[in-house]
Structures are given as C-alpha cells and as structure tokens.
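Q: Sequence below, structure please.
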Amino acid sequence: MARVTLLDGGMGQELLARSGDTAAALWATQVMRDHPGLVAQVHTDYFAAGATVATTNSYAIHHDRLTGFGLDDQFGALHAQALAEARAARTAHGAGARIAGSLGPLVASYRPDMLPPHAEAVAKYAEIARLMAPEVDLILCETVASLAHARAVLEGAAVANLPVWLSVTVDDDDGHCLRSGEPVAALADLPSDAILANCSAPEAMPAALADFARMGRPFGAYANGFRQTTKDFLNAGTKLANPTHTCPHTRPEMTPALYADHALRWVDQGATLIGGCCETTPAHIKEIARRLRAAGHQIC
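A: Model (predicted):
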C-alpha cells in the first residue's frame, strides 16, 4: 500500500461559487480582494475533506496581470493576504498540514508562446518565491506549458531554498506532450523534487504519469473537472485579452465518484501526489480520501 500526499482541489471556481460573483479577468484574485476570509474558509474545507496540503491563492498574482487594472501597487499586499489565509487554515487544522506556495504562469495559462524572455521570467518568479519562502513549506510551479517555461520557473523558484514541485499542463488528447507540443519525457533532465501534471483532462494523465514514472522522483496528478481545454479554446485565447473561467465548460458527469475512479488509477500507476484542479471541490477531495483509506493507502 502507498503513502499518498493528498493535495487540495480547485480554488478559483470554488471562490466564485461561494461568493456569487460574476467571473472577472482577475478571477480568484478579485474574489479574495472583495471577500476577505473566504479563501481561508475554502482551505479549511479542503483540510476537513482530507487534504494535507493547502495551495496558496497566488496563482495569478503577477505584475503583468495587475498592471492593466491599476493594482500593481498591491502586488505585495495580495501575496501577503494569500499567505495569511492559507496560514490561518493550517493553524486551525493542526499538525501535519503543509502549505504549497503557488507559482502560476506569467501572462496567461496554456500559452507558452507568451512566456517573457528567460532572464525576465526568472526574475519575476524569483521575486515571488522570495516573498513566499518564509511562509510556505514548498514551492509548487503550476500549469507549466513548455520546456522554456519549466527552465525559467525552476530557476526562479530555487531562490526560496525549499523543495520545488514542478507541475506541467499536458495536451488533453496526448498526455505524452506538453501544451507546447514538446515531449513530457524531456522534463527528465530538469531539477525538481517532484513532478506532476495539472490543469489537463483526467483522461490525459495516465500517459504523463507513465513518463514521470521513469524520472526517479515522486510524481502525481491533479486534473480539471471541466471539458478538455481544446484547440478551439486556445485559439480563442489569442483573441481574448483575459479569457475567464467561463470559457471552458463544466463536465456535469465528473462527479466526485468518477473523479476518484481516475485518481485511484493514478495511484495504481505509482503516483503518490494526488489532488484536484479547476472545477474540483472539497467533495471530490473527500471522496478520494475515503477511497484511498478504503484501499488501505495512508494519507500523509
């Protein structure tokens, strides 16, 4: 039986659902500004569901996202708020809980063509890693879409002197490929303490996990609960300055039970880092926890 680290699930859509707000370009960052304490409630509910890691609500807190809305002067304060809300939930939960500092993509998700030049990207990621380092247990580089993106974010994250987990987004039709079309297997030479796939269809994860299994480090997955991020959506993204979470459509059939079916198959492949991404909820994490325990696995 395996020792499995159970991550949390989606934050952005959960915040929108609980707040009743309309999706906006600043997405989860906007909800956090408008509803202080709501992020901590979501973290708390994920811990109660069985998660052992809270991922900070800092995915989209980047200068390039804030500048267009006249909010760049709040860059530090917004990171401080995201860290404080995660810390409050961890304190309430007690021993065993960890915080992962989220480093999301610069400019836009799923768009490797929009990555800034290497030195610029490294500096921007390093700035955030330094801010988070005193408050988190590890750095989680999320939704990494290309090898260039991976190199930049890993170099920036290294300044925190903490464990760094690299999580890539893969092609929904071929999980052996990153969104850039480059092979997942090419990540083997890049330094990280763990390797995961996220923000992709559950059906694409087994292929990525098969590649990860040959890399000699802990690996895992946390998938989307909305319909595949199709080429049409990615093409639409080139026409939209700030596509929101409403662009993809939910998958009503992706119930907690069905998502847990996928997650347990990932564990059978050797994955020891499991969670949920967009459109997954505390109910999804609770069902995974129940199923893991029923199968004799230990959640750690």
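
Q: who touches the closest residue to residue 114 other than its chain neighbours in this structure?
A: Nearest residue to residue 114 in three dimensions, chain neighbours excluded: residue 107, at 4.3 Å (CB to CB, 6 or more residues apart in numbering). For glycine as for every other residue, the C-beta is placed from the backbone atoms N, C-alpha and C. By CB atoms under 8 Å, 6 or more residues apart in numbering, the residues touching residue 107 are 62, 64-65, 114-116.

Q: try residue 266
A: 205-206, 209, 220-221, 274.

Q: Redo the contacts of residue 107 as CSV? Include distance to residue 259, pLDDT and secondary structure.
A: Formatted as CSV, these follow (distance: CB to CB, whole Å; pLDDT from 0 to 100; DSSP: H, G, I helix; E, B strand; the rest coil):
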residue, distance to residue 259, pLDDT, secondary structure
62, 29, 97, coil
64, 32, 94, helix
65, 29, 93, helix
114, 30, 94, helix
115, 30, 96, coil
116, 34, 97, coil
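
Q: Doesn't the residue nearest to residue 114 belong to a helix?
A: No. Assessed with DSSP: H, G, I helix; E, B strand; the rest coil, residue 107 is coil; it does not lie in a helix.

Q: related to what we said a few turns ago, top of the contacts of residue 266 by neighbour count?
A: Ranked by the number of neighbours (other CB atoms under 10 Å), the contacts of residue 266 place residue 221 first, at 30 neighbours.

Q: Once you drop chain neighbours, what's closest to that residue?
A: Per CB to CB, 6+ apart, closest to residue 221 is residue 205, 4.3 Å.

Q: The helix or strand the one you found falls within packs against which elements?
A: Assigned by DSSP states H and E, residue 205 belongs to helix 205-212. With contacts taken as 3 or more CB pairs under 8 Å, 6 or more residues apart in numbering; DSSP states H and E, helix 205-212 sits against strand 194-198, strand 219-223, helix 256-268.

Q: Could you single out the most deeply buried of these?
A: strand 219-223 (a mean of 28; mean count of other CB atoms under 10 Å).

Q: For that strand, give the mean pLDDT please.
A: Strand 219-223 carries an average pLDDT of 98.

Q: before we move on, what about stretch 24-37?
A: Mean pLDDT, stretch 24-37: 88.

Q: Show me what counts as buried in that stretch.
A: If you call a residue buried by 16 or more other CB atoms under 10 Å, then stretch 24-37 has these buried ones: 24, 26-32.

Q: residues in contact with it?
A: Contact with stretch 24-37 is made by 11-12, 15-16, 19, 21, 38-39, 57, 59-61, 65-66, 68-69, 71, 74, 78, 81-82, 85, 241-242, 244-245, as judged by CB under 8 Å, 6+ apart.
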